[in-house]
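**Q** Here is a sequence with its predicted model. Questions after.
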Amino acid sequence: MLATATLAAGTALAGCAAIGGTVPGCGDPLRLAIIAQSVPTASYVPCLHDLPPGWSTSGFDPSQDGTGFLLDSDRSAGRPVTVRLTVACDTGGASPSPSWGPGVLTYTRLYSISPRFAGTLYDVFPGGCVRYGFDFADGSQIALVEQFEQAVGLYPRQQLRLVLKRELGVELSP
Amino acid sequence: MSTLPAPRPGHEGPEVTPLIIASPRGRRRRPSGEPPPLPRHADHSIRWYLLLGGLAGVLWAGMSVPAGLGLITRADLGVLHAVAAVRAGWLTRVMLEVDALASPWTVRLMAWGTIAVLVSFRRFRHLAAYLVVVLGGALLLSAMTQEIGRMRPVGIVVLGPWQGYAQPSRPVATLTLALTGMLYTLVPAGRWRNRGRWAAAVVVGVFCAARLYLAVDHPTDQVTALIIGWPLAVVGFWLAVPNDVFPVSYRGGRQAHLDIGGRRGEAIVTALDHQLGLAVTVVEPFGLEASAGSTPLRIRVREPGGAETVLFGKLYALSHLRSDRWYKLARTVIYGRLEDEKPFSTVRRLVEYEDHLLRLMRDAGLPVPRPYGFVEITPEREYLIVMEFFDGGQEMRKAQVDDPVIDDALRVVRRMWDAGVAHRDIKPSNILVRNGQALLIDVAFAAVRPTPWRQAVDLANMMLTLALASTPEHVYERALTVFAADDVAEAFAACRSITIPGQLRSLMRADGRHLTSRFRQLAPARRPVPVQLWDIRRAAATAALVAALAAAVLLSGIYLKVAGLL
């Protein structure tokens, strides 16, 4: 009986924890190092600013092939924004958009405007690229796009290297 | 020193238990602070394992502050650079192969294999322990991975594939956990488990060496992973399925029976000596096949004159208490609340109750074994009740059942009615015959002031038992010398398939005669006594069980994912 209760409680807790998956914040550079390691050439790494109300993250998955995670909004339930850092992106057919920082080029490719607002946004920078896939219901899309663009930031690799050297005394390679 | 007065010679009637004080020291009170006969203590390895758990805690605490993390990381990198000095093309290929061998699929295969074996051998307690330990390990792993958020080794070329944060090393922890789970739930303790430990240590050692060579883990990532997968898991199994209570064995026999060798065997002898003043010469299992609710024992005791007396003992443990709870819950759900099915709250209460019933029935002149009391083996966990051994008694189905035996057996039921008790488990194996006398054993299920329905059922089961060795017509005829025809009619009006003990039901099936119907034909007609099939308790228990099953289905999917089995 005790074993069953422990299993149930533990599983439920773990399930909740798994759904919540932590994506490193832009103010926590020591945790960002693993993202930098997933694409050693990338001059920026994606990180998370404060999330707007109604948004959460899940599926944080850094590996030697890049890093991905999901941004979920309660106004777009079941259709999270997919964020992925890779070495390169195919931006063919995408339209340039206003860039938000030095060395970063932004592109947008829309697949549908109505009844759903779906497409991909690219932040391209030397040695890497962050791809954001979104699929929102028509009507709320402008606010949702603005919110996730503000939620995700890009942390310069050079700055991360300096922090690691200062805090831990180690060199981020390369 | 004896604390009970010995009965004066000539005053020992059948109602007085004679004391067999043959132990040189006699009875002895255990002073405060002295351990019980079988103390529940952690052996040295468990203490070491807990210390290692503490070491993991210290490492995690160190890594939670940048200064500590930097210090540990630089030390780790020093080791990795030293290992990297032996890198060579061919060796890298070998290490990559080794790393790939212990992939998540290998671990899942081992885990599912363990679960399959545990299910096929119906070792559900070990299965539950395995699932809890694996889940606990996975939870701790996930929690610490998120909490520390450590990067992979830096300043060195990482040669192998990786995923997620580095600390603790998930592949090392899951492989170790899978191997530990196999060892502690499938492999018998002793020589085979020791060999298994060495084999597992070699496998894990090679895997760790490969990952250090490839620089995918820091050494301390592996240290904490090994602590989660080995020492902490072993402590989990020690708590949930201690080997002295739930040994892994493939020798057959019921899982409910305890091993009475080793420390427990010595503790039984000591407890009988100190607590009952019995000089025990031999303790051996007896009639295991007929008992599922306890471990039955035959105890040989030396009397003061040097002669030997045989006693019967039943060893009860927490496992038996839990079995009793599940048995009663199952009865409530399947049959409804026939009567009081409340489980016992502790092992002590269970043993106290049986001892009390033996004395009460003995006082009422019923032919039950003479009680000698019970002893404490491990406080609140294990107790041994001691009673007379019916030497020369034969089970009713193997004995010659003639008129004196039939009459005596029926008079036993009459006496129970008069005394206001019910045995509740009347069946051939619980009625012994010796010198033409019917003897009742196993009174653990008996009830005082039972319902009239239950008393009637006792009579029906006794008549059915007797009819197996005779004919219903003859048993009915003899019953009318002890009971009124209406009593017999009530007995078979109360009798249903579910009120007949399993053993009696199977023997009746094998016999082929329609005994119950025949008794109903012989007795005066009477409408069936309604059996309480549904009540609030049963409805609640059934609803709770269905809800628990639904929740289990829902949670099992999450569990498999969280525990890394998918």
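**A** Looks like it came in fine.

**Q** From now on I want contacts and neighbour counts done on CA atoms only, so please keep to that.
**A** OK.

**Q** Up against chain A, what does chain B have?
**A** B:66-67, B:69-71, B:73-74, B:128-129, B:131-132, B:135-136, B:139, B:146, B:149-152, B:154-156, B:161-165, B:552, B:555-556, B:558-559, B:562 (C-alpha under 8 Å from any C-alpha of the partner chain).

**Q** Please, a ChimeraX command that selects the buried ones among those?
**A** Of the residues of chain B next to chain A, the buried ones go into a single ChimeraX selection, burial set by 16 or more other C-alpha atoms under 10 Å in any protein chain shown:
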select /B:66,69,70,73,74,128,129,131,132,135,136,139,146,149,150,151,152,154,156,162,163,164,165,552,555,556,558,559,562
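
**Q** Low-confidence bits of chain A, can you list those?
**A** Residue ranges of chain A with pLDDT under 70: A:1-21, A:174.

**Q** ok, A:F60 touching A:F69?
**A** Yes. With contact defined as C-alpha atoms under 8 Å, A:F60 reaches A:F69; the gap is 4.3 Å.

**Q** Pull up the overlap in contacts between the two.
**A** A:V23 (C-alpha atoms under 8 Å, 6 or more residues apart in numbering or on different chains).

**Q** Please enumerate the helices of chain A.
**A** Assigned by DSSP state H, the helices in chain A fall at A:2-20, A:29-38, A:141-151, A:157-168.

**Q** got a list of what the residue most central in space within chain A touches?
**A** When C-alpha atoms, centre = their mean is applied to chain A, the residue found nearest the centroid is A:V83 (4.2 Å). By C-alpha under 8 Å, 6+ apart, the contact list for A:V83 reads A:68-71, A:130-133.

**Q** Likewise for B:V154?
**A** Residues near B:V154 by C-alpha under 8 Å, 6+ apart: A:170-173, B:77.

**Q** returning to what we had before: show only the entries of the residues of chain B next to chain A found in helices.
**A** B:66-67, B:69-71, B:73-74, B:128-129, B:131-132, B:135-136, B:139, B:146, B:552, B:555-556, B:558-559, B:562.

**Q** And the residue lying closest to the residue nearest to the centre of chain A once chain neighbours are set aside, how close does it get to chain B?
**A** Spatial nearest neighbour of A:V83, chain neighbours left out: A:Y132 (4.6 Å); criterion: C-alpha to C-alpha, 6 or more residues apart in numbering or on different chains. Distance from A:Y132 to chain B, counting by C-alpha to the nearest C-alpha, to the nearest Å: 20 Å.

**Q** Specify the beta-bridge partners of A:Y132.
**A** On the basis of DSSP bridges, A:Y132 is bridged to A:V83, A:L121.

**Q** The one 4 residues further on too?
**A** Under the criterion DSSP bridges, A:F136 forms beta bridges with A:F117.

**Q** What is the burial count for it?
**A** 25 (other C-alpha atoms under 10 Å in any protein chain shown).

**Q** Can you show me the helices along the stretch 301-450 of chain B?
**A** B:318-335, B:347-363, B:403-419 (DSSP state H, counting those that start in this stretch).

**Q** how about the ones you listed in a markdown table, adding mean pLDDT and distance to B:A479?
**A** Listed next are the helices of the stretch 301-450 of chain B as a markdown table, based on pLDDT from 0 to 100; distance: least, C-alpha to C-alpha, whole Å:
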| stretch | mean pLDDT | distance to B:A479 |
| --- | --- | --- |
| helix B:318-335 | 71 | 29 |
| helix B:347-363 | 93 | 22 |
| helix B:403-419 | 95 | 7 |
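
**Q** Let's have these in JSON lines, adding distance to B:A85 and mean neighbour count.
**A** Shown next, in JSON lines, are the helices of the stretch 301-450 of chain B (distance: least, C-alpha to C-alpha, whole Å; neighbours: other C-alpha atoms under 10 Å in any protein chain shown):
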{"stretch": "helix B:318-335", "distance to B:A85": "55", "mean neighbour count": "18"}
{"stretch": "helix B:347-363", "distance to B:A85": "62", "mean neighbour count": "20"}
{"stretch": "helix B:403-419", "distance to B:A85": "86", "mean neighbour count": "19"}
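
**Q** So which of these is nearest B:T516?
**A** With C-alpha to C-alpha as the criterion, B:T516 lies closest to helix B:403-419 of the helices of the stretch 301-450 of chain B, at 16.8 Å.

**Q** export the closest one as CSV, just CAs?
**A** What follows is helix B:403-419 as a C-alpha-only set of coordinates in CSV (Å, rounded to 0.1, in the frame of the first residue of the first chain):
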residue,chain,number,x,y,z
ASP,B,403,-19.5,-42.6,14.2
PRO,B,404,-17.6,-41.6,17.3
VAL,B,405,-15.5,-39.1,15.3
ILE,B,406,-18.6,-37.8,13.5
ASP,B,407,-20.5,-37.3,16.8
ASP,B,408,-17.5,-35.7,18.4
ALA,B,409,-16.9,-33.3,15.6
LEU,B,410,-20.6,-32.3,15.6
ARG,B,411,-20.4,-31.8,19.4
VAL,B,412,-17.4,-29.5,18.9
VAL,B,413,-19.7,-27.2,16.8
ARG,B,414,-22.4,-27.5,19.4
ARG,B,415,-19.9,-26.5,22.1
MET,B,416,-18.8,-23.5,20.0
TRP,B,417,-22.4,-22.4,19.7
ASP,B,418,-22.8,-22.7,23.4
ALA,B,419,-19.6,-20.8,24.1
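
**Q** Remind me what it packs against, helices and strands.
**A** strand B:437-440, helix B:452-468, helix B:472-479 (3 or more C-alpha pairs under 8 Å, 6 or more residues apart in numbering or on different chains; DSSP states H and E).

**Q** Which residues does the last one contact?
**A** Meaning helix B:472-479. Contacts of helix B:472-479 (C-alpha under 8 Å, 6+ apart): B:403, B:406-407, B:410, B:463-464, B:466-467, B:488, B:515, B:518-519, B:522.

**Q** and which of these is nearest chain A?
**A** B:L464 (37.1 Å; C-alpha to the nearest C-alpha).
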